[in-house]
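Asker: pasting the structure only:
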């Protein structure tokens, strides 16, 4: 997959430009599966929330929510382990003058190992995502939120269980 | 009116089930992409159909805007939570009177003359099914006991 980022709008402020650059660098690092670089592009205390990520156990629900350096790094590493050719293409990128960035990206890969309840049958997926970032004035990401549809993901990989 | 105000008005109308009022905020050619439903088409048909079904199925719907910002191209990006109790079949899922709270992200592209020209929405349909009691993705019309 290649990056086809489309910058929307005119009269871009330096803050918008810097925030967009930080986010594009993040996806560049993700595309080459460099988790350390992804983390380095974030502040020490950067927040992390993968909204669809819910693991429902008998006693409790574990959410994909916390910090980049704890929860985020673990999820990214597990994803890359399960999908060793994981790649992305940024399809739209929009920023404001306060460091907020909305980025749509298609993420995909070929499954090599089980991931959660998704057993490995060697399937391949491509899935649209919407990421919402906040980038500091220093050009570091201090918040990442992502939305996607697990139904489309699971169906492509042959998993038909909700939980 | 700013794109922020327009977005707030859009979600207030969504909560109230005022679909005609939402359509009145759109350009005539406005499009919608409801990504998890793979529905991409005119707001006047695809968008209106979804919003009417949402309103009919969840008559006590609450829409809470949790985050809202406007990007340089006048797009309002919003994180919202929809909250309600099912009172009718929704997206082929039979009614079990389940309570639903679902986080979503919407983008509204706003024209210089304060019309919405495009709407894109993301959420996790798996989370919705889980809350509605669906167990299998190939049997969404057969609900939990």
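Answerer: Thanks, I have it. What you see is a predicted model, and the numbers here were worked out from it, not measured in a lab.

Asker: where do the helices of chain A begin and end?
Answerer: With DSSP state H, the ranges of helices along chain A come out as A:14-31, A:35-40, A:73-82, A:150-156.

Asker: chain B too?
Answerer: Under DSSP H, chain B gives helices at B:3-16, B:19-23, B:48-57, B:125-132.

Asker: dump these to CSV, plus mean pLDDT.
Answerer: Output for the helices of chain B, formatted as CSV (pLDDT from 0 to 100):
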stretch, mean pLDDT
helix B:3-16, 98
helix B:19-23, 98
helix B:48-57, 98
helix B:125-132, 96
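
Asker: give the buried residues for stretch A:42-52.
Answerer: A:42-43, A:46-52 (16 or more other C-beta atoms under 10 Å in any protein chain shown). Backbone N, C-alpha and C define where each C-beta goes, glycine included.

Asker: give me the subset of these that also touch chain B.
Answerer: Among the buried residues of stretch A:42-52, the ones lying near chain B by C-beta under 8 Å from any C-beta of the partner chain are A:51-52.

Asker: hang on, residue A:78 packs against residue A:115?
Answerer: Yes: if you go by C-beta atoms under 8 Å, residue A:78 and residue A:115 touch, sitting 6.9 Å apart.

Asker: got a list of what residue 120 touches?
Answerer: Defaulting to chain A. A:82, A:111-114 (C-beta atoms under 8 Å, 6 or more residues apart in numbering or on different chains).

Asker: ah, I was thinking of chain B
Answerer: A:104, A:130, B:32-33, B:35, B:106-107.

Asker: do the same with residue A:110
Answerer: A:83-85, A:122-124 are the contacts of residue A:110 under C-beta under 8 Å, 6+ apart.

Asker: what residues are bridge-paired with it?
Answerer: In this structure, residue A:110 bridges to residue A:124 when assessed by DSSP bridges.

Asker: show the pLDDT at it.
Answerer: Note on residue A:110: pLDDT of 98.

Asker: how about the residue nearest the centre of chain A, what does it touch?
Answerer: Nearest residue to the geometric centre of chain A (C-alpha atoms, centre = their mean): residue A:146, 6.0 Å. By C-beta under 8 Å, 6+ apart, the residues touching residue A:146 are A:49-51, A:129-132.

Asker: now, which of those residues sits nearest residue B:52?
Answerer: residue A:130 (24.1 Å; C-beta to C-beta).

Asker: which bits of chain A sit near chain B?
Answerer: Checking chain A against chain B by C-beta under 8 Å from any C-beta, the hits are A:8-13, A:16, A:51-52, A:54, A:56, A:94-98, A:100-102, A:104, A:128-130, A:132, A:145, A:147-152, A:154-155, A:159-163.

Asker: recalculate using a threshold of 7 Å.
Answerer: A:8-9, A:11-12, A:16, A:51-52, A:54, A:94-96, A:98, A:100, A:102, A:128, A:130, A:132, A:145, A:147-152, A:154-155, A:160-163 (C-beta under 7 Å from any C-beta of the partner chain).

Asker: out of those residues, list just those in strands.
Answerer: Among the residues of chain A next to chain B, DSSP state E puts A:51-52, A:54, A:94-95, A:100, A:102, A:128, A:130, A:132, A:145, A:147 in strands.

Asker: which of the residues you listed sit farthest apart?
Answerer: A:54 and A:95, at 29.1 Å, using C-beta to C-beta across those.

Asker: these two: which has the busier surroundings?
Answerer: Neighbour count, other C-beta atoms under 10 Å in any protein chain shown: between residue A:54 and residue A:95, residue A:95 has more, with 30 against 17.

Asker: that one and residue A:129, how far apart?
Answerer: 17 Å (C-beta to C-beta, to the nearest Å).

Asker: if any of the contacts of residue A:120 are buried, put those into a ChimeraX selection.
Answerer: Those of these that count as buried under 16+ other C-beta under 10 Å are selected in ChimeraX with:
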select /A:82,111
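
Asker: of the contacts of residue A:120, closest to residue B:86?
Answerer: Nearest to residue B:86 among these, with distances taken as C-beta to C-beta, is residue A:114, at 32.8 Å.
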